[in-house]
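Engineer: show me how the following folds:
(one chain, ligands or ions: 1)
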Amino acid sequence: MEALESSCASMCRSSCSISSISPSSSSASSWAAFSSASSAQIRASHLHTCLAFKWAASGRPSSGSWQISVSSGQMQSFQSRSLSSSAFFSHRRRGRRPLAIVLFQMSAGQGNEQSVDLVHVNGATLTSLEAMNLPKPLSISDLSPAPLHGSSLRVAYQGVPGAYSEAAAGKAYPNCEPVPCDQFEAAFQAVELWLADRAVLPVENSLGGSIHRNYDLLLRHRLHIVGEVQLPVHHCLLAMPGVSKAELKRVISHPQALAQCEHTLTRLGLNVAREAVDDTAGAAQFIAENNIHDTAAIASSRAADIYGMNILAEGIQDDSGNVTRFVMLAREPIIPRVDRPFKTSIVFANEEATGSLFKILAAFAFRDINLTKIESRPQRKKPLRIVDDTNNGKAKYFEYLFYIDFEASMADPRAQNALAELQEFTSFLRVLGSYPMDMTPLVRSPPL
Ligand SMILES: O=C(O)C(=O)C[C@]1(C(=O)O)C=C[C@@H](O)C=C1
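Structural biologist: Okay, here's the model as predicted:
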């Protein structure tokens, strides 16, 4: 029997129970399409979500009649589409297995709070979840500026469950509802569009350096930095159960993770091809879903648990004190305070004058304000400055934006005065956020 994986967007919060579903045509008007999976919660009024099953075996499912058994409950009528039609499968999943979609009709008059427990499709067990990108009706709670009383904060991160960014979201906001996003840009937009309350994004790593993409996105979007978390990153080498290091021909992971483990991989004799993918846990998921035996992933031990992989080596980062710094982003800034250590992040373009950068840095030094980070990025809108100040012709200079983090709150007059002085030497200045510093002690992992 081909194994199926149920996928779902967990948009719905109440529950209902169904006993079995047989295929038929989908002509009814009140489709209660809901995104769900094992023990999902749905609200009867949600009409635009749906169930999706991902094939765990290669190839397409065979045709024939389908029986979906779920726990018994109050759903009065339901229908599924035929699963045999190829048009029925999502074609947007290039290189990935097709999705089968089942729509359920819910009858009016059902209570709001019901639960669906999917168990089998034609006897195959449903396992993991994946978000479906289907429209969901807006509700009042989507539009409320703060999470409703009793509901958890939705925190967008880039990657899939098991990614370090998910762990950082949990460290920043314990008990939050992590919202996985396929790209950094999507995490920014999820907050801007009120689909999430916060985003948690990596900005720098102690071994790999800055994550430039996020610096560029900080400028392009209007979100505010409201906090930071530093996460010790302990990488593991994951492979399918039964696979040994000697069988590996490739190691895949997020480019930062590959960079952080470069020397250790060589020391382990793994002089095999490295391939970059979107996130560490996504690498593990890809290997597990496709049952690939000649490839390992660099990811967390939690990713090994989630995707059923074996840990071949633990703590494979090149330095036991490997730490990634994440920032928390929100639509509104927080009010800066002076009763605890604060950091402020700014971005500016300096004036075209000799020594302007020196004068900018001196504005902090004279006030005893410690700088913790300076990063320069090309000014994409104005990448070159061409000046005619030589006897031999025109000179070309690259134009940069500078990102600075300094240890002071914007409520501190020293910081206010420093920025006032900065304005004399800058053509552009923006405060990205003033936020409490992460002062939690970091735990080093034992050397490999
Ligand atoms: O791929 C992940 O798991 C991530 O959360 C991303 C990320 C990064 O962008 O730096 C986060 C922490 C580690 O440094 C490696 C990768």
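Engineer: which residues does Val155 bridge with?
Structural biologist: Judged by DSSP bridges, the bridge partners of Val155 are Pro178, Arg198.
Engineer: tell me the secondary structure at Ala169.
Structural biologist: helix (DSSP: H, G, I helix; E, B strand; the rest coil).
Engineer: how many neighbours does it have?
Structural biologist: Ala169 has 32 neighbouring residues, counting by other C-beta atoms under 10 Å. Glycine gets a C-beta too; all of them are placed from N, C-alpha and C.
Engineer: flag every residue of the stretch 51-200 of the chain that's near the ligand.
Structural biologist: 159, 163-165 (C-beta under 6 Å from any ligand atom).
Engineer: let's see 8 Å
Structural biologist: 157-159, 162-168 (C-beta under 8 Å from any ligand atom).
Engineer: which among the residues you listed count as buried?
Structural biologist: Buried members of these, scored by 16 or more other C-beta atoms under 10 Å, are 157-159, 162-168.
Engineer: which of the residues of the stretch 51-200 of the chain next to the ligand fall within helices?
Structural biologist: 164-168 (DSSP state H).
Engineer: got these as CSV, with pLDDT and distance to Phe188 columns?
Structural biologist: Formatted as CSV, those follow (pLDDT from 0 to 100; distance: C-beta to C-beta, whole Å):
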residue, pLDDT, distance to Phe188
Tyr164, 97, 18
Ser165, 97, 13
Glu166, 97, 17
Ala167, 97, 20
Ala168, 97, 16
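Engineer: quick revisit: is it possible to get CSV of the residues of the stretch 51-200 of the chain next to the ligand that adds distance to Pro202?
Structural biologist: Below are these laid out as CSV (distance: C-beta to C-beta, whole Å):
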residue, distance to Pro202
Tyr157, 9
Gln158, 8
Gly159, 10
Gly162, 15
Ala163, 10
Tyr164, 7
Ser165, 6
Glu166, 12
Ala167, 11
Ala168, 7
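Engineer: pick the one among these closest to Glu332.
Structural biologist: Distance to Glu332 across these (C-beta to C-beta) is lowest for Tyr157, with 19.5 Å.
Engineer: for the residue lying closest to that closest one once chain neighbours are set aside, give its distance to Ala299.
Structural biologist: Leaving aside its chain neighbours, Tyr157 sits nearest to Ser165 (3.9 Å; criterion: C-beta to C-beta, 6 or more residues apart in numbering). From Ser165 across to Ala299, the span is 12 Å (C-beta to C-beta, to the nearest Å).
Engineer: and the stretch 201-350 of the chain, which residues reach the ligand?
Structural biologist: 202, 205, 208, 211, 231, 233, 235, 253-254, 256-257, 260, 278-282, 299-300, 303, 322, 324, 326.
Engineer: what about the residues you listed, which are in helices?
Structural biologist: 256-257, 260, 280-282, 303.
Engineer: now the two most distant members of the residues you listed.
Structural biologist: The two members of those with the most space between them (C-beta to C-beta) are Gln260 and Gly282, at 16.5 Å.
Engineer: residue contacts, Ile334?
Structural biologist: By C-beta atoms under 8 Å, 6 or more residues apart in numbering, the contact list for Ile334 reads 224, 226-227, 433-435.
Engineer: narrow the residues you listed to just the buried residues.
Structural biologist: With burial judged by 16+ other C-beta under 10 Å, the buried subset of those is 224, 226-227, 433-435.
Engineer: now, which of the residues you listed sits nearest Pro413?
Structural biologist: Nearest to Pro413 among the buried ones among the contacts of Ile334, counting by C-beta to C-beta, is Ser434 at 13.3 Å.
Engineer: Leu422 touches Arg430, doesn't it?
Structural biologist: No - look at Leu422 against Arg430 with C-beta atoms under 8 Å: they stay out of range, at 11.2 Å.
Engineer: of these two, who's got more company?
Structural biologist: Neighbours were counted for Leu422 and for Arg430 using other C-beta under 10 Å; Leu422 has more, 20 against 14.
Engineer: so what's that one up against?
Structural biologist: 346, 348, 360, 363, 429.
Engineer: go on, His254?
Structural biologist: Applying C-beta under 8 Å, 6+ apart, the residues near His254 are 276-280, 282-283, 298.
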